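Student: no sequence for this one, just the structure:
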């Protein structure tokens, strides 16, 4: 199936008939996970009232997040084509002029109907919403010939690169970080304090003080340091 045919189906899904249904069916047999083709397949089945329509809608609707739009897509019909008649000041017109005017209007109407009525369909918000939600991104890539039917998911992903955002730090994570920084700072201060006391004790032990007393003082300071570290560890666990 030509890409332009798929674009035409997207632009005017209400015009699809039996031939279009078969075209999309053959496409799905090759690419069963082509989401857009599956949506159009259901719409075409609705248009021609196939026997397995109920089964198709049940199958496709399970993979569509917006059921309301799917319902509107299925029930979307061709817009009524209205040709605004130019007002005339003349109260009466000849039969010849009337016949000419009607022929012109009929030709305009015929051309618009052949094109699916899209020329007068600018005000249909439902159709625009359906196209925007289901088909617009794909259609744009089809028209640019960047996206081909049957491309693998990784190939499609390369056409739509996504930037990875660095996750922001939560309040609890910030609080935990600050608590850890404070704990490390307290440990550094305790180690520095212990080091100074030991150095002072060593200097004093070189003098008249009893070396055994100096050693006991050193062990006491080390014991205090261990106890302080245990206390800090318990605070960290809380």
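Tutor: It's in. For clarity, every value in this text was computed on a predicted model and none was experimentally measured. Numbers count the residues shown, from 1 in each chain.
Student: which stretches of this structure form helices?
Tutor: Assigned by DSSP state H, the chain shows helices spanning 3-11, 18-30, 35-48, 53-61, 67-74, 95-114, 125-130, 136-143, 153-159, 171-205, 211-237.
Student: looking at these, which is buried most?
Tutor: Most buried of the helices of the chain, by mean neighbour count (mean count of other CB atoms under 10 Å): helix 35-48, with a mean of 21. For glycine as for every other residue, the C-beta is placed from the backbone atoms N, C-alpha and C.
Student: output the contacting helices and strands for that one.
Tutor: helix 3-11, helix 18-30, helix 53-61, helix 67-74 (3 or more CB pairs under 8 Å, 6 or more residues apart in numbering; DSSP states H and E).
Student: if we go to 10 Å?
Tutor: Using 3 or more CB pairs under 10 Å, 6 or more residues apart in numbering; DSSP states H and E, the elements in contact with helix 35-48 are helix 3-11, helix 18-30, helix 53-61, helix 67-74, helix 136-143.
Student: phi first, then psi, for residue 51.
Tutor: The phi/psi pair for residue 51 (degrees, to the nearest 10) reads phi -70, psi -30.
Student: how about the contacts made by it?
Tutor: Contact partners of residue 51, counting by CB atoms under 10 Å, 6 or more residues apart in numbering, are residue 45.
Student: residue ranges with poor pLDDT in the protein?
Tutor: 1, 80-94, 106-173, 203-211, 236-238 (pLDDT under 70).
Student: related to what we said a few turns ago, tabulate the helices and strands packed on helix 35-48 (CSV), appending distance to residue 193.
Tutor: Listed next are the helices and strands packed on helix 35-48 as CSV, based on distance: least, CB to CB, whole Å:
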stretch, distance to residue 193
helix 3-11, 76
helix 18-30, 77
helix 53-61, 71
helix 67-74, 69
helix 136-143, 65
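Student: which among these is found nearest to residue 234?
Tutor: Residue 234 sits nearest to helix 67-74 of all these, at 55.0 Å, using CB to CB.
Student: between the closest one and helix 53-61, how big is the angle?
Tutor: Interaxial angle, helix 67-74 versus helix 53-61 (axes from the mean of the first three to the mean of the last three CA atoms, to 10 degrees): 140 degrees.
Student: and helix 67-74 with helix 35-48, angle?
Tutor: Using the same axes, to 10 degrees: helix 67-74 against helix 35-48 is 50 degrees.
Student: now do helix 67-74: which elements does it pack against?
Tutor: Against helix 67-74 (3+ CB pairs under 10 Å, 6+ apart) you get helix 35-48, helix 53-61, helix 125-130.
Student: show me this protein divided up by domain.
Tutor: Domain assignment for the chain, taken from automatic domain parsing, gives 3-80+112-159, 171-237.
Student: look up how far residue 70 lies from residue 41.
Tutor: Separation of residue 41 from residue 70 (CB to CB, to the nearest Å) stands at 12 Å.
Student: which neighbours do those two share?
Tutor: What both residue 41 and residue 70 touch, as defined by CB under 10 Å, 6+ apart, is the set residue 60.
Student: and residue 50, how many residues sit next to it?
Tutor: When neighbours are counted by other CB atoms under 10 Å, residue 50 registers 17.
Student: from residue 24, how far off is it?
Tutor: If you measure residue 50 against residue 24 using CB to CB, the figure is 12 Å.
Student: which residues do those two both contact?
Tutor: With CB under 10 Å, 6+ apart as the test, residue 50 and residue 24 both reach 41-42, 44.
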